[in-house]
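> I would like the atomic coordinates for the input below:
(one chain, ligands or ions: 2)
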Amino acid sequence: MSDRRGGRLLTRRSWLLGTAAAAVSACDSSRPRQGFLGVMERFNQRVQAGLFDPEQLAPEEPVAALSRPGAFPQYFISDRVPLAPAGWALKVGGLVARPGVLSLEDLRLMPRTNYRIRHHCVEGWSAVASWHGVRVSELAQLVGADPQARFVEFRSFDSNYFSSWDGPSALHPQTILAYGMNGEPLPPEHGAPLRLYSGVKLGYKMVKYLTEVNFLPEPTGGYWEDRGYEWFAGV
Ligand SMILES: Nc1nc2c(c(=O)[nH]1)N[C@H]1C(S)=C(S)[C@@H](COP(=O)(O)O)O[C@H]1N2
Ligand SMILES: [Mo]
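Residues are numbered from 1 along each chain as shown. Ligands and ions are numbered 1, 2, ... in the order given. Next comes the predicted model:
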């Protein structure tokens, strides 16, 4: 990892600690974004969106860095592993010319991206796997997303877990709808049949168990974001 990235990481982590996410344990605090914290968060969002470089790529990890089988933590808010409903398909909508529904097969036929990029959870752990799938930017092209749609919302069948992203991060070349992990189909524990993965965001922004992608003119918050976690959450 380059010094520059490491430095940015630290800077953003310390902002995070200084603002909304102080005194959190794991992903289970509840702190409404209000008052002074809310003001600081909106300030941080503007600063961070300004610092975001859509050309900068997260480093590829070597094979030797791969987490051992079973050592990659698994998170879902439901009481047990969420399983895809029969006839699962991804609904794509919002400000798009061609809203519709895509099967896993449809997604597999689209250009495939494959990389090995480290996962950073806000709790402080990180892990490495390789991921493959289709870029959100490819999807945006396919459905004809309107440039007015400056935000992208991702929803799931895991007790309505969701997150909304700024457009540049969603359209970054390392942001994908992943249907595979370590060369295999995505396992249920990690978000089957389809999850978001990215080199530019913290773990809680990467929605697993996807059901919907919506291109929107406004952000809609998110499961943890609505409980006080930072909305931008860049790595
Ligand atoms: N649907 C859904 N997506 C989710 C979560 C979740 O609870 N439900 N947890 C998030 C958090 S906090 C992290 S760190 C990553 C964990 O991904 P993993 O289970 O593959 O390690 O998923 C994110 N996406
Ligand atoms: Mo997380």
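> do stretch 159-172 and ligand 1 meet at all?
Yes: where contact is defined by C-beta under 6 Å from any ligand atom, part of stretch 159-172 touches ligand 1, namely Tyr161. Every residue, glycine included, has its C-beta placed from N, CA and C.
> show me where the chain has helices.
3-18, 35-51, 104-108, 136-143, 167-170 (DSSP state H).
> Packing partners of the second one?
This means helix 35-51. helix 3-18 (3 or more C-beta pairs under 8 Å, 6 or more residues apart in numbering; DSSP states H and E).
> about what we covered before: return the member of the helices of the chain having the minimum mean pLDDT.
When those are ranked by mean pLDDT, helix 3-18 comes last with a mean of 36.
> Dihedrals phi and psi, the closest residue to Pro188 other than its chain neighbours?
Closest residue to Pro188 apart from its sequence neighbours, by C-beta to C-beta, 6 or more residues apart in numbering: Val81 at 5.0 Å. Dihedral pair for Val81: phi -50, psi 120, per degrees, to the nearest 10.
> Can you tell me the number of residues neighbouring Val81?
15 (other C-beta atoms under 10 Å).
> Can you give me the distance of the residue most central in space within the chain to Leu90?
The C-alpha lying nearest the average C-alpha coordinate of the chain belongs to Met206 (C-alpha atoms, centre = their mean; 2.3 Å). In this view, Met206 and Leu90 are 15 Å apart by C-beta to C-beta, to the nearest Å.
> Likewise for Pro99?
Noted for Pro99: a distance of 12 Å to Leu90, by C-beta to C-beta.
> List the buried residues for the longest strand along the chain?
Identified as the longest strand of the chain according to DSSP state E is strand 126-135. For strand 126-135, the buried set under the neighbour-count rule, 16 or more other C-beta atoms under 10 Å, comprises 127-135.
> Report the inter-axis angle for that strand versus helix 136-143.
20 degrees (axes from the mean of the first three to the mean of the last three C-alpha atoms, to 10 degrees).
> for strand 126-135, packing partners?
By 3+ C-beta pairs under 8 Å, 6+ apart, strand 126-135 packs against strand 113-120, strand 175-181.
> outside of that strand, which residues touch it?
By C-beta atoms under 8 Å, 6 or more residues apart in numbering, the list of residues contacting strand 126-135 from outside reads 61, 65-67, 71-73, 107, 110-120, 173, 175-183, 190, 194, 197.
> Tell me what angle that strand forms with strand 175-181.
Angle between the axes of strand 126-135 and strand 175-181 is 110 degrees (criterion: the same axes, to 10 degrees).
> Report the separation between the closest residue to ligand 1 within the chain and Glu218.
For the chain, the residue closest to ligand 1 is Gly203, as judged by C-beta to the nearest ligand atom, at 2.6 Å. Distance of Gly203 to Glu218, computed by C-beta to C-beta: 24 Å.
> Tell me which of the two has more neighbours.
Between Gly203 and Glu218, Gly203 has the larger neighbour count (other C-beta under 10 Å), namely 22 against 9.
> contacting residues around the residue nearest to Ala97 when sequence neighbours are not counted?
Distances taken as C-beta to C-beta, 6+ apart place Gly144 nearest to Ala97, at 3.1 Å, with adjacent residues excluded. Neighbour list for Gly144: 96-98 [criterion: C-beta under 8 Å, 6+ apart].
> which among those residues end up buried?
Buried by 16+ other C-beta under 10 Å: Val96, out of the contacts of Gly144.
> Columns pLDDT and distance to Ser159 on top of the contacts of Gly144, output as CSV?
Shown next, in CSV, are those (pLDDT from 0 to 100; distance: C-beta to C-beta, whole Å):
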residue, pLDDT, distance to Ser159
Val96, 98, 26
Ala97, 98, 32
Arg98, 98, 30
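> could the contacts of Gly144 be laid out in JSON lines, adding distance to Ala49?
Below are the contacts of Gly144 laid out as JSON lines (distance: C-beta to C-beta, whole Å):
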{"residue": "Val96", "distance to Ala49": "23"}
{"residue": "Ala97", "distance to Ala49": "26"}
{"residue": "Arg98", "distance to Ala49": "28"}
